[in-house]
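Q: Please find the sequence and the predicted model below.
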Amino acid sequence: VASVSGEGALRAWVEVRDGQAHAAVADLALRDVALRFAGREQTLPLARLQTRLSGARERGSLRVSAEALSFVSGAIDWPATRLALVLRERARAPGAAASAVTAFDGGEFSADRIDLAPLASLAASLPLGQSLHSLLAALAPSGQLTELATRWEGALDAPRRYALKGRAKGLTIAAAPSAV
(Lines give C-alpha, C1' and ligand atoms only; values in the text may rest on other atoms or scores of the structure.)
Protein backbone atom coordinates (compact mmCIF):
# COMPACT_ATOMS: atom_id res chain seq x y z
CA VAL A 1 0.00 0.00 0.00
CA ALA A 2 1.49 3.32 -1.07
CA SER A 3 -0.80 5.54 0.99
CA VAL A 4 -3.68 5.26 3.42
CA SER A 5 -6.07 7.73 4.93
CA GLY A 6 -9.02 7.13 7.24
CA GLU A 7 -9.94 6.94 10.89
CA GLY A 8 -10.78 4.26 13.41
CA ALA A 9 -8.99 1.76 15.62
CA LEU A 10 -5.79 -0.21 15.17
CA ARG A 11 -4.28 -2.66 17.64
CA ALA A 12 -1.02 -4.43 16.70
CA TRP A 13 1.47 -6.97 18.05
CA VAL A 14 4.98 -7.52 16.68
CA GLU A 15 7.12 -10.60 17.29
CA VAL A 16 10.82 -9.80 17.50
CA ARG A 17 13.62 -12.37 17.17
CA ASP A 18 17.28 -11.48 17.47
CA GLY A 19 16.41 -7.79 17.29
CA GLN A 20 14.46 -8.17 14.01
CA ALA A 21 10.71 -8.01 13.43
CA HIS A 22 9.68 -11.54 12.43
CA ALA A 23 5.87 -11.47 12.48
CA ALA A 24 3.03 -9.04 13.11
CA VAL A 25 -0.70 -9.14 13.79
CA ALA A 26 -3.02 -6.14 13.53
CA ASP A 27 -6.71 -5.75 14.27
CA LEU A 28 -8.27 -3.01 12.12
CA ALA A 29 -11.65 -1.31 12.43
CA LEU A 30 -11.54 1.71 10.10
CA ARG A 31 -13.97 4.03 8.35
CA ASP A 32 -13.72 6.53 5.50
CA VAL A 33 -10.57 4.83 4.21
CA ALA A 34 -8.79 5.66 0.94
CA LEU A 35 -6.11 3.16 -0.15
CA ARG A 36 -3.67 3.71 -2.99
CA PHE A 37 -1.45 0.86 -4.05
CA ALA A 38 2.03 1.34 -5.51
CA GLY A 39 1.86 1.61 -9.29
CA ARG A 40 -1.89 2.39 -9.34
CA GLU A 41 -3.24 5.89 -9.98
CA GLN A 42 -6.75 5.23 -8.70
CA THR A 43 -7.53 5.12 -4.98
CA LEU A 44 -9.81 2.51 -3.47
CA PRO A 45 -12.41 4.26 -1.27
CA LEU A 46 -13.78 2.18 1.61
CA ALA A 47 -16.60 3.44 3.83
CA ARG A 48 -15.73 0.66 6.29
CA LEU A 49 -12.85 -1.84 6.64
CA GLN A 50 -12.54 -4.47 9.36
CA THR A 51 -10.14 -7.43 9.66
CA ARG A 52 -7.31 -9.11 11.51
CA LEU A 53 -4.14 -8.98 9.39
CA SER A 54 -1.18 -11.27 10.04
CA GLY A 55 2.17 -11.38 8.33
CA ALA A 56 5.43 -13.25 8.78
CA ARG A 57 8.68 -14.02 6.98
CA GLU A 58 9.87 -17.57 7.35
CA ARG A 59 12.19 -19.91 5.44
CA GLY A 60 12.30 -18.04 2.13
CA SER A 61 8.65 -17.00 2.06
CA LEU A 62 6.37 -14.17 3.01
CA ARG A 63 3.01 -15.14 4.56
CA VAL A 64 0.09 -12.69 4.79
CA SER A 65 -3.45 -13.45 5.88
CA ALA A 66 -6.69 -11.66 6.63
CA GLU A 67 -9.30 -13.13 8.96
CA ALA A 68 -12.89 -11.92 8.82
CA LEU A 69 -12.03 -9.30 6.17
CA SER A 70 -15.12 -7.21 5.49
CA PHE A 71 -15.56 -3.82 3.85
CA VAL A 72 -17.96 -1.47 2.12
CA SER A 73 -16.91 0.34 -1.07
CA GLY A 74 -19.65 2.17 -2.98
CA ALA A 75 -22.41 -0.38 -3.67
CA ILE A 76 -20.16 -3.30 -2.64
CA ASP A 77 -20.73 -4.74 0.84
CA TRP A 78 -18.09 -7.50 1.07
CA PRO A 79 -18.98 -10.17 3.68
CA ALA A 80 -16.46 -11.48 6.22
CA THR A 81 -13.89 -13.54 4.30
CA ARG A 82 -10.70 -15.43 5.13
CA LEU A 83 -7.77 -14.89 2.74
CA ALA A 84 -4.22 -16.24 2.86
CA LEU A 85 -1.24 -15.52 0.61
CA VAL A 86 2.20 -17.12 0.60
CA LEU A 87 4.88 -15.70 -1.70
CA ARG A 88 8.08 -17.67 -2.27
CA GLU A 89 11.19 -15.54 -2.51
CA ARG A 90 13.34 -15.93 -5.60
CA ALA A 91 16.88 -17.04 -4.78
CA ARG A 92 19.24 -14.06 -4.75
CA ALA A 93 22.08 -14.00 -7.23
CA PRO A 94 25.49 -14.64 -5.67
CA GLY A 95 26.90 -11.37 -4.38
CA ALA A 96 23.51 -9.58 -4.40
CA ALA A 97 23.10 -7.13 -1.54
CA ALA A 98 20.92 -8.33 1.34
CA SER A 99 19.09 -4.99 1.16
CA ALA A 100 18.10 -5.59 -2.49
CA VAL A 101 14.36 -5.58 -3.22
CA THR A 102 12.92 -9.07 -2.73
CA ALA A 103 11.58 -10.72 -5.87
CA PHE A 104 9.02 -13.49 -5.68
CA ASP A 105 8.87 -16.61 -7.83
CA GLY A 106 5.56 -18.29 -7.13
CA GLY A 107 3.19 -18.75 -4.28
CA GLU A 108 -0.17 -19.88 -2.97
CA PHE A 109 -3.46 -18.10 -2.39
CA SER A 110 -6.56 -19.39 -0.62
CA ALA A 111 -9.93 -17.91 0.25
CA ASP A 112 -13.08 -19.25 1.81
CA ARG A 113 -15.23 -17.04 -0.46
CA ILE A 114 -14.75 -14.63 -3.36
CA ASP A 115 -17.57 -12.80 -5.12
CA LEU A 116 -16.26 -12.28 -8.66
CA ALA A 117 -18.34 -9.34 -9.95
CA PRO A 118 -17.45 -7.03 -7.02
CA LEU A 119 -13.81 -8.13 -7.21
CA ALA A 120 -13.70 -7.41 -10.95
CA SER A 121 -15.12 -3.92 -10.37
CA LEU A 122 -12.50 -3.23 -7.66
CA ALA A 123 -9.64 -4.63 -9.78
CA ALA A 124 -8.65 -1.30 -11.34
CA SER A 125 -7.50 -0.15 -7.90
CA LEU A 126 -5.69 -3.38 -6.93
CA PRO A 127 -2.07 -4.37 -7.77
CA LEU A 128 -2.95 -7.54 -9.68
CA GLY A 129 -0.61 -7.19 -12.68
CA GLN A 130 -1.55 -6.01 -16.18
CA SER A 131 -2.33 -9.52 -17.48
CA LEU A 132 -4.88 -10.14 -14.72
CA HIS A 133 -6.40 -6.66 -15.14
CA SER A 134 -6.88 -7.31 -18.87
CA LEU A 135 -8.27 -10.80 -18.27
CA LEU A 136 -10.81 -9.58 -15.69
CA ALA A 137 -11.93 -6.76 -18.01
CA ALA A 138 -12.35 -9.14 -20.97
CA LEU A 139 -14.13 -11.92 -19.06
CA ALA A 140 -16.43 -9.71 -16.91
CA PRO A 141 -16.84 -12.59 -14.42
CA SER A 142 -19.67 -13.00 -11.96
CA GLY A 143 -20.65 -15.66 -9.47
CA GLN A 144 -19.02 -16.94 -6.32
CA LEU A 145 -15.95 -19.08 -5.65
CA THR A 146 -15.68 -20.94 -2.35
CA GLU A 147 -13.00 -23.16 -0.86
CA LEU A 148 -10.55 -21.60 -3.35
CA ALA A 149 -6.93 -22.82 -3.34
CA THR A 150 -4.41 -21.72 -5.97
CA ARG A 151 -0.72 -22.34 -6.46
CA TRP A 152 1.62 -20.97 -9.12
CA GLU A 153 5.25 -20.94 -10.18
CA GLY A 154 6.82 -17.84 -11.69
CA ALA A 155 5.54 -14.27 -11.79
CA LEU A 156 1.91 -13.80 -10.75
CA ASP A 157 0.93 -12.15 -14.04
CA ALA A 158 2.86 -14.68 -16.20
CA PRO A 159 3.06 -18.00 -14.33
CA ARG A 160 5.08 -20.89 -15.77
CA ARG A 161 2.69 -23.35 -14.10
CA TYR A 162 -0.41 -23.04 -11.96
CA ALA A 163 -3.12 -25.09 -10.28
CA LEU A 164 -6.51 -24.01 -9.03
CA LYS A 165 -9.26 -25.82 -7.18
CA GLY A 166 -12.45 -24.74 -5.51
CA ARG A 167 -16.21 -24.63 -5.88
CA ALA A 168 -18.13 -22.28 -8.17
CA LYS A 169 -21.72 -21.09 -7.84
CA GLY A 170 -23.49 -19.03 -10.51
CA LEU A 171 -20.26 -18.63 -12.47
CA THR A 172 -20.55 -16.64 -15.72
CA ILE A 173 -17.95 -15.12 -18.02
CA ALA A 174 -18.24 -13.09 -21.22
CA ALA A 175 -18.15 -15.03 -24.46
CA ALA A 176 -15.02 -14.70 -26.59
CA PRO A 177 -15.50 -13.16 -30.06
CA SER A 178 -15.88 -15.74 -32.81
CA ALA A 179 -12.84 -16.29 -35.03
CA VAL A 180 -15.07 -17.03 -38.07
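A: Looks like it came in fine.

Q: pull the longest strand from the protein.
A: Ranked by number of residues, the top strand in the chain under DSSP state E is strand 20-36.

Q: How far off centre is that strand?
A: Taking the mean of its C-alpha atoms, strand 20-36 sits 14 Å from the chain's own mean (CA atoms, centre = their mean, to the nearest Å).

Q: contacting residues around the helix or strand of the chain with the lowest mean pLDDT?
A: Ranked by mean pLDDT, DSSP states H and E, the weakest helix or strand in the chain is helix 130-139, scoring a mean of 84. Residues outside helix 130-139 that contact it (CB atoms under 8 Å, 6 or more residues apart in numbering): 119, 120, 123, 124, 128, 156, 157, 158, 173, 174. Using the backbone N, CA and C atoms, a C-beta is placed for each residue, glycine as well.

Q: What of stretch 109-119?
A: Against stretch 109-119 from outside (CB under 8 Å, 6+ apart): 76, 78-79, 81-86, 136, 141-150, 171.

Q: returning to what we had before: taking the contacts of helix 130-139 one by one, which sit in strands?
A: residue 158.

Q: Quickly find the element holding residue 167.
A: strand 158-172 (DSSP states H and E).

Q: which strands and helices sit next to that strand?
A: strand 142-155 (3 or more CB pairs under 8 Å, 6 or more residues apart in numbering; DSSP states H and E).

Q: So which bits of the strand it packs on are buried?
A: Buried residues in strand 142-155, counting neighbours by 16 or more other CB atoms under 10 Å, are found at 142, 144, 145, 148, 150, 151, 152.

Q: how far does stretch 135-148 sit from the chain's center?
A: Relative to its chain's centre, stretch 135-148 lies at 15 Å (CA atoms, centre = their mean).

Q: how distant is the strand holding residue 167 from the center of its chain?
A: 15 Å.

Q: Give me the sheet partners of that strand and which way each runs.
A: Next to strand 158-172 in the sheet, as set by DSSP bridges, lie strand 142-155 (antiparallel).

Q: now the angle between helix 130-139 and the partner strand, please.
A: On the basis of axes from the mean of the first three to the mean of the last three CA atoms, to 10 degrees, strand 142-155 is oriented at 160 degrees to helix 130-139.
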